[in-house]
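Chemist: Make a model of this:
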Amino acid sequence: MNQSYDYIIVGAGSAGCVLANRLTEDASVSVLLLEFGGSDKSIFIQMPTALSIPMNMDKFNWAYESQPEPYLDNRRMHCPRGKVLGGSSSINGMVYVRGHALDYDEWAASGARHWDYQHCLPYFKKADDWAFASDEYRSKGGPLSVNNGNNMQNPLYRAFIEAGAEAGYMKTDDYNGRQQEGFGPMQMTVKNGVRWSTANAYLKPARARPNLQVITGALTQRILLEGKKAIGVEYLKAGNLHSVTANKELILSAGSVASPHLLQLSGIGPARVLSNAGIEVKHDLPGVGENLQDHLEFYFQFRCKQPITLNGKLDLWSKFLIGSRWFFTRKGLGATNHFESCAFIRSKAGIEWPDIQYHFLPGAMRYDGNAAFDGHGFQVHVGHNKPKSRGTIRALSASVSDKPEIRFNYLQHPDDIEAFRACVRLTREIIAQPAMDPYRDTEIQPGEAIQSDDEIDAFVRSSVESAYHPSCTCRMGEDPMAVVDSETRVHGIECLRVVDSSIFPSIPNGNLNAPTIMLAERSADIIKGKGMLEAANVAVGMADDWQNQQR
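Modeler: Model (predicted):
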């Protein structure tokens, strides 16, 4: 089957669904969207509280795994990526964090022209359908519904915020608005009790358009090149190999693992890596698969004095009642991801903007959703969000069926180790505040015995997990190690772009779904050749004396 479309998008994830919607707003162009995964109609995807289930199902998850990580006791780390319409936005935790304004100024300073905060903010707002009052930072009416779930009905959420204030930190009503730093309500992408993935927000409205073709079960094998020009792709579906051509451009939106891997499989990447994998070098581009960044986190767990936590809802009967209420009303505990309060703080004086993030959960449980211990408890997920360690994605063979080698090199940099020591000590201080007295009982994890630097380091090495934010492997910029330019075009290859979190120059301080959607919104305007939205001119809330004070 040989067909042609104006645009071919590889990957129906957080970025691909946005592009499919925005590009097909022009009825004169045709768009093909290729996705290896299938339907997102599963109740486990659509019910917010079931978030741990699709993330652990091979049907919806690529289930990548890292090489043994040398600085984490040689542990292999799970790296789930969405294999379904909506991509990782259909299996993630639905947390909505834009990142700090200075994260984007950092992008621009590194060579990503006009990707500073004031240019990015209008595209965050374009996507936004904010549940509360609009202002110069937030908007209503966009495709992406953002709210606070059940509005912190459990008293533990507000106790955590008050504890932060008692420890001397700021409060913030909207960490995605003027001021990120501080303690406040957490935001999630849920609409009327349903996960609001990019499949729901962007793709489903666009599928009614005759100029959009969506093919699922399509495993893209390689990019078709004529010299230094991308002309289409080959993909496998139901055992048959198909080729399709792009009249205008081919856009990779396969994510931070698959996009660099597909470039390498197509002969675009570091010559040494390609030769070692038995791949013909068609374009030596040394930055492809380099600069891998991710967030690590661990969770503090405490027993709770009062029987008010989610641990009392983990039996089968309670789960049935929660699921039934959600099924018929889209309300109750089934309609939230349960991360309803949070914080962003700085690990030490002299750090200009937050580098530590907290997610508060009124329950104590493992990542698979099962109880961590008998009785009631709560936990605080904490991680260092501006790591200096860097890793790689590398093809091991010429076959797309062979997963790439993933090596994060977590905690390779000594500053990352120091920041996690701060995570432990600062968290203990926060939870020890009077606001937590009615609830706080003994510390389960790490445990009071873990005190010295060496003990903390050993605990972190054995206990941290990925926050599932791999990024930056096709970095945007103009230097020799950059993969795409500031217009998202692959350096040295005509008619080929990459639009997803792989092109972030550096990882933002927060979860990556919101920045990826913003990036795709802005990239769609670039691809269409239309004028950019006017840059914002807003103030950014900063700590008054960050040079000398940690809080």
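Chemist: what's downstream of the one helix or strand residue 123 maps to, the next helix or strand?
Modeler: Taking DSSP states H and E as the criterion, residue 123 maps to helix 117-127. Sequence-wise, the next helix or strand downstream of helix 117-127 (DSSP H and E) is strand 128-130.
Chemist: neighbouring contacts of the helix holding residue 123?
Modeler: Residues outside helix 117-127 that contact it (Cβ atoms under 8 Å, 6 or more residues apart in numbering): 18, 98, 101-105, 108, 137-139, 142-144, 176, 514, 517-519, 521-522, 532-538, 540. For every residue, glycine as well, the C-beta is placed using N, CA and C.
Chemist: Let me see the contact set for residue 184.
Modeler: Contacts of residue 184 by Cβ under 8 Å, 6+ apart are 161, 171, 172, 173, 174, 175, 341, 342, 343.
Chemist: now swap in residue 284 and tell me
Modeler: Counting by Cβ under 8 Å, 6+ apart, residue 284 touches 269, 270, 271.
Chemist: could I get the residues you listed as TSV with secondary structure and distance to residue 37?
Modeler: Below are these laid out as TSV (DSSP: H, G, I helix; E, B strand; the rest coil; distance: Cβ to Cβ, whole Å):
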residue	secondary structure	distance to residue 37
269	strand	25
270	coil	29
271	helix	32
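Chemist: measure residue 319 to residue 332 for me?
Modeler: Separation of residue 319 from residue 332 (Cβ to Cβ, to the nearest Å): 12 Å.
Chemist: At which residues are the helices of the stretch 201-350 of the chain located?
Modeler: Taking DSSP state H, counting those that start in this stretch as the criterion, the stretch 201-350 of the chain carries its helices at 204-206, 255-265, 271-276, 316-329.
Chemist: closest one to residue 194 among those?
Modeler: Using Cβ to Cβ as the measure, helix 316-329 is the one of the helices of the stretch 201-350 of the chain that comes nearest residue 194, at 9.1 Å.
Chemist: Strands along the stretch 151-300 of the chain, start to end?
Modeler: 182-185, 190-191, 194-195, 212-216, 219-226, 229-237, 240-252, 268-269, 283-284, 296-304 (DSSP state E, counting those that start in this stretch).
Chemist: and those, which is most packed in?
Modeler: Ranked by mean neighbour count, those are led by strand 268-269 with a mean of 30 (mean count of other Cβ atoms under 10 Å).
Chemist: Contacts for it, please.
Modeler: The list of residues contacting strand 268-269 from outside it, by Cβ under 8 Å, 6+ apart, reads 223, 260, 263, 282-286, 288-289, 395, 490, 493.
Chemist: Over to stretch 205-221?
Modeler: Residues from elsewhere that reach stretch 205-221 (Cβ under 8 Å, 6+ apart): 5, 10, 12, 20-21, 24, 27-39, 85, 143, 203, 233-238, 241-242, 254, 262, 265, 400.
Chemist: Just the buried residues from those, in PyMOL please.
Modeler: The PyMOL selection below is limited to those of those classed as buried (16 or more other Cβ atoms under 10 Å):
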select buried, resi 5+10+12+20+21+24+29+30+31+32+33+34+35+36+37+85+143+203+233+234+235+236+242+254+262+265+400
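Chemist: Can you list the low-confidence ranges for the protein?
Modeler: Within the chain, the stretches with pLDDT under 70 are 1-2, 367-372.
Chemist: so where's the longest helix in it?
Modeler: The longest helix of the chain (DSSP state H) is helix 414-431.
Chemist: Next, the angle strand 296-304 makes with that helix.
Modeler: 20 degrees (axes from the mean of the first three to the mean of the last three Cα atoms, to 10 degrees).
Chemist: Show me how far helix 414-431 is from its chain's centre.
Modeler: Centroid separation for helix 414-431 versus its chain: 23 Å, with Cα atoms, centre = their mean, to the nearest Å.
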